[in-house]
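In: Have a look at this fold, sequence not included:
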C-alpha cells in the first residue's frame, strides 16, 4: 500500500520531461546529499519531477524533503510512504506516481551531476531504448580512478547508440539508467526482491525483445555518483533473500537478446551482493550456502562477490595451488571455519609444482591473496626475516585499505607462517591469533631436534623478547628456530590447534618451559584434519581405468623410510593365482618409474600399477571410486612412547565413502579411527589376511 505523505503542489494533470524516483530507507545524511543534487539540477523545475518513496523508518526523510522544497521553490516533489518494506515495491510505487516521459531511479545514498537531467533530456532515449550514464563509485566521498577499465569502456561508446546484446558491459549499474516510460510499462520490479532488482528488470526487458542503449557524449555532464561508505551499518537481511534475484535471473527463458547479456546482469547481481557483504561480512557464509543450494555457482562470481569483504587474515607461507600437504589442509581449515580471509603467502614457484584444481578447496572463502617474494627456506633465519618483513609491509597496506582485522590464522609445518603471525599479534594486540600445529614441530620423525641455520634478525628478536618479558615469560637461551617457533606460539596464540591428542601430549611434554607448556594446554584444542566438502569428490571426473573385474585398491602418497608398504608387497607375493587375478593395487606417487622397476623385479607388475600424482580433485574422485583405500602409520616404535602422527589423507579417505584399510601401530590415533580393515605395521600375515578378506567380500 502507498500513502501520499506530501505533495508540494497539485499537478495530477501535468507531465514532465523526466521523473527522478528515489526509494529510501534509513537514508539519513545520504538522502540529504542526494536531494541536494536533485535540487541543484540545471534543468528548469517545470521540466522534471521528483518522487521520494519512503519504505522504512522515517530517519529524517520528511525533514529532508521539506528542506529540499524550501531550497528550490516550485520544485515538483512528492513524498510517498510504501508500507511494503521493499526497495522494489518503492520503485514501482514511485513509477506509478511519476509524471515524466523519461524515468531514472536514484538510490538514496547516491547523487546526480548538475547537468544530468538536462543532458538526458537533450538526447532522450526513444521507446525500446535506455540511456546509460557514466558511473563513478565514490568510497567515503573519494572518487574512483577515472582511468579504470570499466569507465574507459563506457567512454569508448560515448555519443553512440548500440544494441545492449552487443555491448553488455555497458550495463554497469541499475540506478542511474534512464528509461522511456513506454519501456517500463513492459515489466515491473519484483516487489519481494531485496537486491538485484535492477538486473532482474533488465533481464525481463531483454527476454521480451531487443534493447538499445545510448551513451551520452564524453563532454556531457551525465554522471551518476554512486556512494559506497565503509563503516556504515547496513540493514541486515536473510542471506537466502540475497540470492533470490540472481536465481530469477538464471531462470529467465533463453532468448537471442537476453543470452549475450545474462553474464553481465549476473555480474551486476554479484556486485550488489558484494556491496551488501562489505557492510555485513558476517552474512558471507550464509550467502555461500545459498549460492550452492540454488545452484548459482556459475552465476554468482566469487571474485566479485568476495572482493573487499574479508575481515580475517591467514598467514600461510605456502598456500594452494602449490602442491603441498600443509597448504592443502590449511585451505580446508579455512573453508570449514566459514570465514572469508585475505591471505599472505610466499612465492614458491622455484620449489613446488602447482595444482590449479586445489583452488576449489577455499575459493568460496578467499578474498585477496598477496604473494611476497622471499627466499624459500624452512630452517634459515634470514629467509624467515625476509618473509616477515615483506609480509608485514603487505599487511600494513591491506589494513590501511580496509581497516583492522579481527583474527589471523597460521599453520605450521612451514615455521615461517607462525613467526609473521606472532609479530602481527605483538604489533596488533587486539588481533586474535589462531595457530595450528601439524606434526611435532621441533622434533623430526626419528625424534631428533630439527636444525636451523643463520642468525635471527636483531630487531624482530628484540620485539619477541620484549613481548615475552612483558607477559612474564622467559626467552629461549638458544637461537634454535624451531624452539623459538614453539615458544612464541605457546606464549602469544589465543587458540592453539593440534591435529591429534598424541601430538599435543608429545610436544608439550618435551617442551622445556613448563609454564609456557601449561599455558599452551589451556589455550589448545584437538581438531583432526578437516574433511573435504562432499561436493569436491565429484567436481572432476577421472578417466583413469579401474578394471571392472578386479577389486581396486589404491594408495596415494610418497614412500618414506618410516612409511612404506613393505608388508603389502610381501602379502601380494604370497597370494595364490586366483587371488592375484581378483585384485589390483593402484599406487599414485612421486616417482612412479622407480616403483615400476622395483615391482617388475619383485614380480608384482600384474597386480600393482604405479602412476604419477594426479590433481587433488581427481584424486578425490578416484578415492570415491576405488573399492578400498590404504593408509598407513609412520614407524615410531622405539622412537616415541606414543605415535604422534595422524596421516592427513585419513580425512580425505573418510569423506570418500570407500572402504579404508589402515596399517597401524598399536595406540596410534589412526588405529582408533573407524577403519573397515586393519592390520599392524610389518605384519605380513595380518596384511595377507586382510587382502583375502577384501577379495572375498562383495564390492559394488
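Out: Okay, I see it. If you're wondering where the values come from, they're calculated on a predicted model, not measured in any experiment.

In: In the sheet, which strands lie alongside the host helix or strand of residue 629, parallel or antiparallel?
Out: When secondary structure is defined by DSSP states H and E, residue 629 falls within strand 628-632. When pairing is defined by DSSP bridges, strand 628-632 lines up against strand 551-556 (parallel), strand 659-664 (parallel).

In: Please identify which of those strands is closest to residue 520.
Out: Of all these, it is strand 659-664 that lies closest to residue 520, at 27.6 Å by C-beta to C-beta. No exception for glycine: its C-beta is placed from N, CA and C like everyone else's.

In: can I get the strands paired with strand 628-632 in a markdown table with mean neighbour count, mean pLDDT and distance to residue 271?
Out: Shown next, in a markdown table, are those (neighbours: other C-beta atoms under 10 Å; pLDDT from 0 to 100; distance: least, C-beta to C-beta, whole Å):
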| stretch | mean neighbour count | mean pLDDT | distance to residue 271 |
| --- | --- | --- | --- |
| strand 551-556 | 23 | 97 | 41 |
| strand 659-664 | 23 | 98 | 45 |
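
In: Export the ones you listed as a markdown table, with columns for distance to residue 447.
Out: Putting the strands paired with strand 628-632 into a markdown table (distance: least, C-beta to C-beta, whole Å) gives the following:
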| stretch | distance to residue 447 |
| --- | --- |
| strand 551-556 | 26 |
| strand 659-664 | 19 |
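
In: could you show me where the strands are in the stretch 301-450 of the chain, in order?
Out: 312-315, 341-346, 366-372, 407-412, 432-437 (DSSP state E, counting those that start in this stretch).

In: out of the ones you listed, nearest to residue 186?
Out: Nearest of these (C-beta to C-beta): strand 366-372, 38.9 Å.

In: relative to strand 341-346, how tilted is the closest one?
Out: Taking axes from the mean of the first three to the mean of the last three C-alpha atoms, to 10 degrees, one finds that strand 366-372 is oriented at 20 degrees with respect to strand 341-346.

In: still on that earlier bit, identify the residues contacting the strand holding residue 629?
Out: Residues outside strand 628-632 that contact it (C-beta atoms under 8 Å, 6 or more residues apart in numbering) are 551-556, 563-565, 568, 585, 623, 647, 649-650, 653, 656, 658-664, 670, 676-677, 681, 694.

In: average pLDDT across that strand?
Out: Averaging pLDDT along strand 628-632 gives 97.

In: Run through who's touching the helix or strand just after that strand.
Out: On the C-terminal side of strand 628-632, the closest following helix or strand by DSSP H and E is helix 649-654. Residues outside helix 649-654 that contact it (C-beta under 8 Å, 6+ apart): 332, 528-532, 556-557, 619-620, 623, 629, 631, 660, 662, 670, 673-674.

In: Also stretch 81-96?
Out: Taking C-beta under 8 Å, 6+ apart as the rule, stretch 81-96 contacts 1-3, 5, 19, 21-25, 51-56, 80, 103, 105, 184, 188-194, 197.

In: Now the buried members of these.
Out: Burial by neighbour count, judged by 16 or more other C-beta atoms under 10 Å, picks out 2, 5, 19, 21-25, 51-56, 80, 103, 105, 184, 188-191, 193-194, 197 from these.

In: what comes up buried for stretch 591-602?
Out: 592, 595, 596, 598, 599.

In: And stretch 377-388, by the same measure?
Out: In stretch 377-388, counting by 16+ other C-beta under 10 Å, buried: 377, 378, 380, 381, 383, 384, 385, 386, 387, 388.
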